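Asks: sequence-free structure coming up:
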């Protein structure tokens, strides 16, 4: 079984400041790792994913994440946030054996960007 | 890019009635679709995996007779909430898997359906 822990339920930050959203996972099998963003009353949008290779993954909207196997972490970062980045962010994992589709989500972190 | 649609986007129904939610892959064939449920300010919970032409696989704790899933074609899966009750009120989201290329590049989520049971 897999589980995902997002350590912060809410992260307030001022505009143009850097931000890190933390994610740790637990799994007895190899997994793919994902970050999704959800704007109010909308579905999910993929920010980035780690499948293999370089542990630093760059995604859309200036976000990046680093896979750390020893710490089983996949923290999301952005060097300078905008008001429009205010949303719910979900870390997720999926066993590689399922092709990456049986996705297990973390509880989410609400990023609130203040002017 | 690929698009997954859901219909309706929002539905309000009376307790005891059944509600059908459609999930369509608009420009690709989806052999597998997934149904998720999201409670307010909570994460998404995988309910079931829907495979075209076969029975859905439900996650532990999800009532099969309550949440009927039909995947009749490669572009359509439906979730029917039978005899809905207020506790079934939630945000239901589907996702679809493509049939070609790197599978992990081709999972797309629908915009969700907000169900409110009065």
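Replies: Arrived safely. In this text the structure is predicted, and so the values were computed from the model without any measurement.
Asks: What is the neighbour count of the nearest residue to residue B:96 once chain neighbours are set aside?
Replies: The shortest distance from residue B:96 to any non-neighbouring residue, by C-beta to C-beta, 6 or more residues apart in numbering or on different chains, is to residue B:30 (3.7 Å). All C-beta spots, glycine's among them, are computed from the backbone N, C-alpha and C. Other residues near residue B:30 come to 30 when the count uses other C-beta atoms under 10 Å in any protein chain shown.
Asks: check which helix or strand covers residue B:30.
Replies: Per DSSP states H and E, residue B:30 falls between elements, in no helix or strand.
Asks: how close does it sit to chain A?
Replies: Computed with C-beta to the nearest C-beta, to the nearest Å, the distance linking residue B:30 and chain A is 10 Å.
Asks: Might one say that that residue is in contact with residue B:107?
Replies: No - checked against C-beta atoms under 8 Å, the pair residue B:30 and residue B:107 is beyond contact range at 9.6 Å.
Asks: if you skip the residues just before and after it, what's nearest to the residue most central in space within chain A?
Replies: Geometric centre of chain A, nearest residue: residue A:35, 3.2 Å, by C-alpha atoms, centre = their mean. Spatial nearest neighbour of residue A:35, chain neighbours left out: residue A:47 (4.3 Å); criterion: C-beta to C-beta, 6+ apart.
Asks: swap in residue B:118?
Replies: residue B:14 (5.6 Å).
Asks: what's the neighbour count on that neighbour?
Replies: With other C-beta under 10 Å as criterion, residue B:14 counts 8.
Asks: How many residues are close by residue A:89?
Replies: Neighbours around residue A:89, by other C-beta under 10 Å: 23.
Asks: List of residues touching the helix or strand hosting it?
Replies: Using DSSP H and E, residue A:89 falls within strand A:87-95. The contact list for strand A:87-95 (C-beta atoms under 8 Å, 6 or more residues apart in numbering or on different chains) reads A:2, A:4, A:6, A:21, A:23, A:25, A:27, A:29-40, A:44, A:47, A:74, A:76, A:100-106, A:108-111, B:43-44, B:104.
Asks: 6 Å - rerun?
Replies: Among residues not part of strand A:87-95, those counted as contacts by C-beta atoms under 6 Å, 6 or more residues apart in numbering or on different chains are A:2, A:4, A:6, A:21, A:23, A:25, A:29, A:31-39, A:100, A:102-106, A:108-111.
Asks: And for stretch A:105-112?
Replies: With C-beta under 6 Å, 6+ apart as the criterion, stretch A:105-112 contacts A:4, A:6, A:8, A:10-12, A:21, A:86, A:88-92, B:43-44.
Asks: Please repeat the previous calculation with a cut-off of 8 Å.
Replies: With contact meaning C-beta under 8 Å, 6+ apart, stretch A:105-112 is reached by A:4-6, A:8-13, A:19, A:21-23, A:36, A:38, A:81, A:85-92, B:36, B:41-45.
Asks: Write the PyMOL selection for whichever of the residues you listed are buried.
Replies: In PyMOL, this line selects whichever of the contacts of stretch A:105-112 come out buried by 16 or more other C-beta atoms under 10 Å in any protein chain shown:
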select buried, (chain A and resi 4+6+11+13+19+21+22+23+36+38+81+85+86+87+88+89+90+91+92) or (chain B and resi 36+43+44+45)
